[in-house]
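Participant: quick check, what structure comes out for this input:
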Amino acid sequence: MELEKRQYPIGKWQPKEKYSEKDIQEFIAIIEKYPAKYKRLTKNLSDEDLAKTYRDGAWHIRQLVVHISDMHILHFARFKQAICEENPVGFLANINGWSNMQEVQTTPVADALLLLEATHKRWVHQMRHMQESDWQRTFFHPLRNRNLTLAQALSMAAWHTQHHFEHIKIALAN
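Facilitator: Residues are numbered from 1 along each chain as shown. Predicted coordinates:
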């Protein structure tokens with residue numbers, strides 16, 4: 001498998017200016033169902049399996065699971081931030097720093113998955129109670145150096161969820 005396909009197994013995230021109600025509902029469904037998919041995929045993996053990577057120099061499976069859990073807390077928080085404030089600067093994390101912390105090396109994957117599941121449940125509940133106009137609220141994404149609507153942010157989060165899921169599948173097939 002070529003390097004770019006290993007790095008971006010579902011392609012790079014490409015935001016659109018507008019998303020339909022159907023698009024938004026599909027993205028919410030991804031956020032809702034993927035914690036269970038991650039759980040099934042990583043259930044009963046050995047420490048040896050959790051140390052596998054999807055390409056040389058990439059994060060191992062345990063880091064990927066903890067990363068998705070950590071980052072989705074930020075995604076959820078950005079939604080709350082954008083609903084309560086006018087175009088705030090979105091929370092940011094040093095993802096390489098976080099993923100290389102000592103605790104990540106030994107965190108039980110089940111604990112990270114519990115956090116992911118709880119975060120996604122809260123987030124889905126929040127999204128199902130948003131008004132149509134809320135999807136156009138924005139926050140500034142400092143890493144991407146642009147404003148994102150909450151519809152775009154949801155699209156990015158759904159992509160992120162699937163992106164790392166595919167990384168784990170590639171790592172397990174190696």
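Participant: helices or strands next to the least confident helix or strand in the chain by mean pLDDT in the packing?
Facilitator: Lowest by mean pLDDT, DSSP states H and E among the helices and strands of the chain is helix 3-7, with a mean of 89. Helices and strands touching helix 3-7, as assessed by 3 or more CB pairs under 8 Å, 6 or more residues apart in numbering; DSSP states H and E, are absent. Where C-beta positions appear, they are placed from N, C-alpha and C, glycine not excepted.
Participant: buried set for it?
Facilitator: Judged by neighbour count using 16 or more other CB atoms under 10 Å, the buried positions of helix 3-7 are residue 6.
Participant: ok, then the element right after that helix?
Facilitator: helix 21-42 (DSSP states H and E).
Participant: buried set for that next one?
Facilitator: Neighbour-count burial for helix 21-42 flags 24, 27-28, 30-32, 34-35, 38-39, 42 (criterion: 16+ other CB under 10 Å).
Participant: keeping just the C-alphas, turn it into PDB.
Facilitator: What follows is helix 21-42, C-alpha atoms only, in PDB (Å, rounded to 0.1, in the frame of the first residue of the first chain):
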ATOM      1  CA  GLU A  21     -29.700  18.400   6.700                       C
ATOM      2  CA  LYS A  22     -29.100  14.900   5.300                       C
ATOM      3  CA  ASP A  23     -25.300  15.400   5.400                       C
ATOM      4  CA  ILE A  24     -25.500  16.600   9.000                       C
ATOM      5  CA  GLN A  25     -27.700  13.600  10.100                       C
ATOM      6  CA  GLU A  26     -25.200  11.200   8.400                       C
ATOM      7  CA  PHE A  27     -22.300  12.800  10.300                       C
ATOM      8  CA  ILE A  28     -24.200  12.600  13.600                       C
ATOM      9  CA  ALA A  29     -24.800   8.900  12.900                       C
ATOM     10  CA  ILE A  30     -21.100   8.400  12.400                       C
ATOM     11  CA  ILE A  31     -20.300  10.100  15.700                       C
ATOM     12  CA  GLU A  32     -23.100   8.000  17.400                       C
ATOM     13  CA  LYS A  33     -22.100   4.600  16.000                       C
ATOM     14  CA  TYR A  34     -18.300   4.600  15.900                       C
ATOM     15  CA  PRO A  35     -17.500   4.200  19.600                       C
ATOM     16  CA  ALA A  36     -19.100   0.700  19.300                       C
ATOM     17  CA  LYS A  37     -17.100   0.000  16.100                       C
ATOM     18  CA  TYR A  38     -13.900   1.000  17.800                       C
ATOM     19  CA  LYS A  39     -14.700  -1.300  20.700                       C
ATOM     20  CA  ARG A  40     -15.400  -4.300  18.500                       C
ATOM     21  CA  LEU A  41     -12.300  -3.700  16.400                       C
ATOM     22  CA  THR A  42     -10.000  -3.400  19.500                       C
END
